[in-house]
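Visitor: next input, structure requested:
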Amino acid sequence: MDIVLIPAFEPDSQLIGIANQLSEEGFKVLVVDDGSGEKYADIFEEVRKYATVITKEKNCGKGAALKTGMRYIKENLPECENFITCDADGQHKIEDVLRVRDKLHSGQKFVLTVRNPKRGIPLRSKVGNSLSRFVYALLANRYLSDNQSGLRGFSKIHIDWLIKVENDKYDYEMNVLYYASKKGIYIATLPIEAIYIDNNQSSHFSPIADTVRIYRSLFKLARGTFIAFLLSEAIIITASLIFGYKYITISVPGAAAISYLVNILLNKFFIFKTTPCYDYWTTLIYTVIEYFAYMLGCMLFMFALPEIPLWFAFNITYLVGIPLRYFLHKFIFVASRTKE
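Guide: Alright, predicted model coming up:
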């Protein structure tokens, strides 16, 4: 059984047509009314003709609605093989939902749709997507050309950890991707055409409040990265004061190696300890490869710098490396997707 899970807050009549079409395509449709209230009762009553509707008494956020739906699937629909999350505002074409189903049936376990960035995206969405790509790539060590699309497909094996992902509002969806990246879960991507009706005016997303919330959650999940970075700074400062450049071939790679190791251990045993790990060794191998490549570049760059204190040289190298890391992740992403 394939299920489409739709979180809905104060939807318009489009939701009725979406549920009808998905039902006709053979999906079991599950709609979570996220506290829309009596004013929208008539719409949900019509939706019930084509879908199961779960009604929440108060609005708790998109993430909470998605987790409510997943719990329902886990407890009441054991025959479910895959489920697809879809927005209620008509932003996703039924044809693309079908393509996500096909991708899941082909053997993929996690499918993320990627919206065409050149067709009709409102300016606020285009700017937000560009910024989130950059920040996410640096914190998660994985580039995704679109990390905010709500049309996603999952195998049922992911339900347990998806329910445990932190936060309940729009930040939940970004957190899911960060968890997956740190757990070594492969994310297949599928290009789609996004539909922005009336410049996306029907969206309940707050450009300021929800954006701040998303980045606050993301930086919280990346606290292992920041702790590891501060540790490497302490090591480099100490080495700079005691040895200067004398043992640079040991101090710089050593500081980075300890930083990477601490980051890995914090993620595995503390930050993400409550979620199962499917392919942790892939993530570890990728991190080690990145470490050696990054260290080689750092050493070459630092030897080319004039003789300034080691700590300054190390941090100048780090800052220069930020855009280089971003484009490296992007290159690897594009190269890997050409094989799909």
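Visitor: and stretch 251-260, average pLDDT?
Guide: Mean pLDDT, stretch 251-260: 82.
Visitor: try stretch 165-173
Guide: What stretch 165-173 shows for mean pLDDT is 92.
Visitor: which residues touch stretch 150-158?
Guide: Contact with stretch 150-158 is made by 73, 80-87, 91-92, 96-97, 100-101, 103-104, 108-113, 162, 173, 185, 192, as judged by C-beta atoms under 8 Å, 6 or more residues apart in numbering. Where C-beta positions appear, they are placed from N, C-alpha and C, glycine not excepted.
Visitor: try 6 Å this time
Guide: For stretch 150-158, the external contacting residues (C-beta atoms under 6 Å, 6 or more residues apart in numbering) are 80-87, 92, 100, 104, 109-113.
Visitor: show me where the stretch 1-150 of the chain has its helices.
Guide: 14-24, 41-47, 62-76, 94-105, 123-140 (DSSP state H, counting those that start in this stretch).
Visitor: same for the third one, what does it pack against?
Guide: What it means is helix 62-76. Where contact means 3 or more C-beta pairs under 6 Å, 6 or more residues apart in numbering; DSSP states H and E, helix 62-76 is packed against strand 2-8, strand 28-34, helix 159-164.
Visitor: these: lowest mean pLDDT?
Guide: Ranked on mean pLDDT, the bottom entry among the helices and strands packed on helix 62-76 is helix 159-164, at a mean of 94.
Visitor: whichever helix or strand comes after that one packs against which elements?
Guide: Heading C-terminal from helix 159-164, the first helix or strand you meet, by DSSP states H and E, is helix 171-182. With contacts defined as 3+ C-beta pairs under 6 Å, 6+ apart, the packing partners of helix 171-182 are helix 209-221.
Visitor: and the longest helix for this protein?
Guide: helix 310-337 (DSSP state H).
Visitor: show me where pLDDT drops low in the stretch 51-200 of the chain?
Guide: Low-confidence segments of the stretch 51-200 of the chain (pLDDT under 70): 117-126, 194, 196-200.
Visitor: coming back round to it: tell me which residues of the longest helix of the chain come out buried.
Guide: By neighbour count on 16 or more other C-beta atoms under 10 Å, the buried set for helix 310-337 is 310, 313-314, 317-318, 325-326, 328-330, 333.
Visitor: average pLDDT for that helix?
Guide: For helix 310-337, the mean pLDDT works out to 78.
Visitor: and that helix, what does it pack against?
Guide: Applying 3+ C-beta pairs under 6 Å, 6+ apart, one finds that helix 310-337 makes contact with helix 223-242, helix 280-304.
Visitor: next structured bit after the first one?
Guide: As assigned by DSSP H and E, the chain's next helix or strand after helix 223-242 is helix 248-266.
Visitor: still on that earlier bit, between the longest helix of the chain and helix 223-242, how many degrees?
Guide: Between helix 310-337 and helix 223-242, the angle comes out at 140 degrees (axes from the mean of the first three to the mean of the last three C-alpha atoms, to 10 degrees).
Visitor: tilt between helix 310-337 and helix 248-266?
Guide: Using the same axes, to 10 degrees: helix 310-337 against helix 248-266 is 60 degrees.
Visitor: and helix 310-337, how far from the chain's centre?
Guide: In this view, helix 310-337 has its centroid 20 Å away from the chain centroid, taken as C-alpha atoms, centre = their mean, to the nearest Å.
Visitor: use 19 as the first number for this chain going forward.
Guide: Sure, I'll start counting at 19 from here, so that last one is helix 328-355.
Visitor: for V270, what are its contacts?
Guide: So V270 contacts nothing (C-beta under 6 Å, 6+ apart).
Visitor: make it 10 Å
Guide: V270 makes contact with 250, 253-254, 257, 263, 313, 316-317, 320, 328, 331-332, 335, according to C-beta atoms under 10 Å, 6 or more residues apart in numbering.
Visitor: repeat for V115
Guide: Taking C-beta under 10 Å, 6+ apart, one finds 20, 22, 36, 39-40, 43, 45, 102-104, 131, 169, 171, 210 in contact with V115.
Visitor: I'd like to know how far T267 sits from D105.
Guide: Per C-beta to C-beta, to the nearest Å, T267 is found 53 Å from D105.
Visitor: compare those two (neighbour count), which wins?
Guide: Ranked by neighbour count (other C-beta atoms under 10 Å), T267 and D105 place D105 first, with 21 against 11.
Visitor: can you report phi and psi for the more buried one?
Guide: Phi and psi for D105, reported as degrees, to the nearest 10, are phi -80, psi 160.
Visitor: ok, now how distant is it from G168?
Guide: 4 Å.
Visitor: with M320 instead?
Guide: Going from M320 to G168 by C-beta to C-beta gives 44 Å.
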